[in-house]
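Asks: Test case, fold it:
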Amino acid sequence: MPSKQILSLQDSVINYVESNIADKGTFYRSSDGGPGTLYGTVYAHLIKVYLTGKKPTISGSLQEILHLQDSQQGYFIGPEVRDWEPDKSVKHSREHVLLHLACTVLPLLDIYNLAPLFPLRFAHKFNGCEDLESWLENRDWSDAWLEGNNLLFVGQLLVFLRDKEGVPGAQQALDLYFDWLDKNLDPETGLWGTNGYCSPFIAMCGGYHQLLVYYYENRDILYPEKLIDTVLSLQHIDGGFSPKGGGGACEDVDAVDILVNLYKMVDYKRPEIRSALRRCLRHILSLQNPDGGFPYNRTDSFSHLNIPATFCQAGKSNMFSTWFRVHTLALIAEVLTDEPILAGVDFHFNSTLSMGWHRKWPKVDHRLFFVHRLEEFPANISHILTSFRWHINNGSKVLRKLVRKIKKRF
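Replies: Down below sits the predicted model:
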C-alpha cells in the first residue's frame, strides 16, 4: 500500500477502513486481526461519510444492523457483546455498554433515513420527570467523565423519543434535564464536578458529552469564557489534552469540540484557540500510522469499553480511534481554513445528536488570512516559554545545564 506521504489524508484513512472488512464484506473489524463487530462497522461507515459526504453502499450491513435489534427492549446487540458480560470490577456495566452501542447506531440509521425496527423501550424509563429526577440526583460527579457519557445518552434518547417516536412528555423531561444541569454547573470553570468532586481534566472529558445536547437544542451555554479558559489551560505541550502527554482520541476530541463550538459562539480568546487547535492538529497528524489509521495514543493498549473483540496493542490503529481522530480533524477544519491538509477534505458530520454531531457554519465567511496568523503570535510565544519551562521542570538535563550556565554568567 502507498505510504501516507503519497496518499491524501482522505485516501489513506479510507484505505485503512477498507483493509478491515470482515465477515464476507458485511461487517468491519474494530482492530486488525479481530472479528467483525457492530461498533467497527458503524464507525467505518461514519468515517467514510465524514470524509466524503457520500453515503456508502451498505445495504447488506444495514439489514444486518437492523436485525441485531432486540425486539423486547430495543437495544442493538452486536456480535462483540452478544455473549459477553463485563467483569464486575469495571465501571462500564452491560447496561452502559448497550446504551452506548444504541446511541452509536442511531446516527448511521438516520443518515440512510431508516428507523429502528422496534421502539427503544429501554429509553422510556427516562421520560417520566419523577424517575428522571431521581436518576439525575444519583449522578456521581467524582467520576464526571463516566457521568458525561450517561448524560449524553439520556439527552440523546429524549430527543429521539420526542422527534422520532413522538412520545408525549419528552420535551418536559428535557427541560428538567437542562434545569438540573444548569443548577449543578460550577461557575468558576463552566463545567460539572470541579466544585469539590473532580479535577478540571476529568470534568472536561465528561462535560463535552452533555454540552453536545446544549448545542443541539440551542440551549444557552453558561460561563463560556470560564469554560474556554479551563480547556485552554489543560493543553499539554505536545498539543494533546492528556495530562500525562501523548494525547488520547477521547481526551483530544473532548477539548477540541468545546473550543470549536465556543469559538463560534463568543468573541473571546479566538487567537489563543486557533493557536491551540494548530498544535493539536500537528499532534494528531503525527499519530497517523503507515496503514492510514490512528491509534488511541502511542503508549497504551486499547479496548473499547473493555470489550475483548475490540482490543489492540499499544500504538496500533483501531476503528474507534480512527473515527474520533477524523471527527477531531473535521472540527479543527471548521476554524483553521488556512491549513492545506484540512482544506483538501470536504468534511461532513452526522446530523443526529450524538458523539460525532456538529453544526457546521459557512466557512467561506470565516476564512483566515495572514493577519490572523499575526494575532496568534503572542499565544505562540507563550507556548514556547511554557514548553521551555516544562522541559526544565521535567528533567531535561540539557536545558537545566544551559540555565545553570546562564545564571553563572549573569
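
Asks: What is the longest helix belonging to the chain packed up against?
Replies: In the chain, assigned by DSSP state H, the helix with the most residues is helix 144-163. Under the contact criterion of 3 or more C-beta pairs under 8 Å, 6 or more residues apart in numbering; DSSP states H and E, helix 144-163 touches helix 94-111, helix 170-184, strand 191-192, helix 200-216. In short, each C-beta sits where N, CA and C put it, glycine included.

Asks: Just list the residues touching Ile77, thanks.
Replies: 68-70, 98 (C-beta atoms under 8 Å, 6 or more residues apart in numbering).

Asks: Can I have the buried ones of the residues you listed as a PyMOL selection?
Replies: To isolate the buried members of the contacts of Ile77 in PyMOL, using 16 or more other C-beta atoms under 10 Å:
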select buried, resi 68+69+98
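
Asks: Mind pulling the model confidence for the nearest residue to Ala123 once chain neighbours are set aside?
Replies: Closest residue to Ala123 apart from its sequence neighbours, by C-beta to C-beta, 6 or more residues apart in numbering: Leu157 at 4.0 Å. As predicted, Leu157 sits at a pLDDT of 98.

Asks: cool, the one 3 residues further on as well?
Replies: Residue-level confidence at Phe160 comes out at 97, pLDDT.

Asks: Grab the most central residue of this structure for me.
Replies: Central residue of the chain (C-alpha atoms, centre = their mean): Val253, 4.3 Å from the mean position.

Asks: Roughly how far does Cys205 sit from Gly40?
Replies: 23 Å (C-beta to C-beta, to the nearest Å).

Asks: ok, the two, which is more surrounded?
Replies: Comparing Cys205 with Gly40 by other C-beta atoms under 10 Å, the one with more neighbours is Gly40, at 29 against 26.

Asks: and the more buried one, what element?
Replies: Taking DSSP states H and E as the criterion, Gly40 maps to helix 38-52.

Asks: Would you mark the buried spots in that helix?
Replies: 38-51.

Asks: Could I get those residues in CSV, plus columns for distance to Gln210 and pLDDT?
Replies: Shown next, in CSV, are the buried residues of helix 38-52 (distance: C-beta to C-beta, whole Å; pLDDT from 0 to 100):
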residue, distance to Gln210, pLDDT
Leu38, 25, 96
Tyr39, 22, 97
Gly40, 26, 96
Thr41, 27, 94
Val42, 22, 95
Tyr43, 22, 97
Ala44, 27, 95
His45, 26, 93
Leu46, 21, 95
Ile47, 25, 96
Lys48, 28, 94
Val49, 24, 94
Tyr50, 22, 96
Leu51, 27, 95
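
Asks: Please identify which of those is nearest to Ala173.
Replies: Within those, the smallest distance to Ala173 is 26.5 Å, found for Val42 (C-beta to C-beta).

Asks: So His45 sits against Leu109, correct?
Replies: No. The criterion here is C-beta atoms under 8 Å, and His45 misses it with Leu109 at 10.6 Å.

Asks: Could you check how far Asn138 is from Val167?
Replies: Taking C-beta to C-beta, one finds Asn138 at 23 Å from Val167.

Asks: Break the chain down into its structural domains.
Replies: 9-118+223-373, 376-410 (automatic domain parsing).

Asks: Lowest average pLDDT across these?
Replies: domain 376-410 (a mean of 64).

Asks: residue contacts, the residue nearest to Ala123?
Replies: 99, 102-103, 120, 123, 126.

Asks: Could you tell me which of these count as buried?
Replies: Judged by 16+ other C-beta under 10 Å, buried ones among these: 99, 102-103, 120, 123, 126.

Asks: which residues in the stretch 1-150 of the chain form strands?
Replies: Applying DSSP state E, counting those that start in this stretch to the stretch 1-150 of the chain gives strands spanning 21-22, 27-29, 36-37.

Asks: Can I get those in TSV including distance to Ser233 and mean neighbour count?
Replies: As requested, the strands of the stretch 1-150 of the chain are exported to TSV (distance: least, C-beta to C-beta, whole Å; neighbours: other C-beta atoms under 10 Å):
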stretch	distance to Ser233	mean neighbour count
strand 21-22	42	16
strand 27-29	38	26
strand 36-37	37	26
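
Asks: Could you export these as a markdown table, including distance to Val231?
Replies: Below are the strands of the stretch 1-150 of the chain laid out as a markdown table (distance: least, C-beta to C-beta, whole Å):
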| stretch | distance to Val231 |
| --- | --- |
| strand 21-22 | 37 |
| strand 27-29 | 32 |
| strand 36-37 | 32 |
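
Asks: so which of those gets nearest Asp365?
Replies: strand 27-29 (37.0 Å).

Asks: now for that closest one, which elements pack on it?
Replies: strand 21-22, strand 36-37, helix 38-52.

Asks: a markdown table please, covering the ones you listed and showing distance to Arg325.
Replies: What follows is the helices and strands packed on strand 27-29, written out as a markdown table (distance: least, C-beta to C-beta, whole Å):
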| stretch | distance to Arg325 |
| --- | --- |
| strand 21-22 | 20 |
| strand 36-37 | 18 |
| helix 38-52 | 9 |
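
Asks: And the ones you listed: which comes nearest Glu339?
Replies: helix 38-52 (15.9 Å).

Asks: For Ile65, give its distance to Cys205.
Replies: 28 Å.

Asks: cool, and Glu85?
Replies: 26 Å.

Asks: Lys226 now?
Replies: 17 Å.

Asks: likewise Phe377?
Replies: Counting by C-beta to C-beta - Phe377 and Cys205 are separated by 30 Å.

Asks: before we move on, what about Gly246?
Replies: The value you get for Gly246 to Cys205, if C-beta to C-beta is used, is 15 Å.

Asks: Also Pro295?
Replies: For Pro295, the distance to Cys205 - C-beta to C-beta - is 18 Å.

Asks: Can you tell me which of the buried residues of helix 38-52 is closest to Gly74?
Replies: Leu38 (14.7 Å).

Asks: The closest residue to the closest one other than its chain neighbours: neighbour count?
Replies: Take Leu38 and drop its neighbours on the chain: the residue closest to it by C-beta to C-beta, 6+ apart is Gly78, 2.6 Å away. Counted with other C-beta under 10 Å, residues neighbouring Gly78 total 27.
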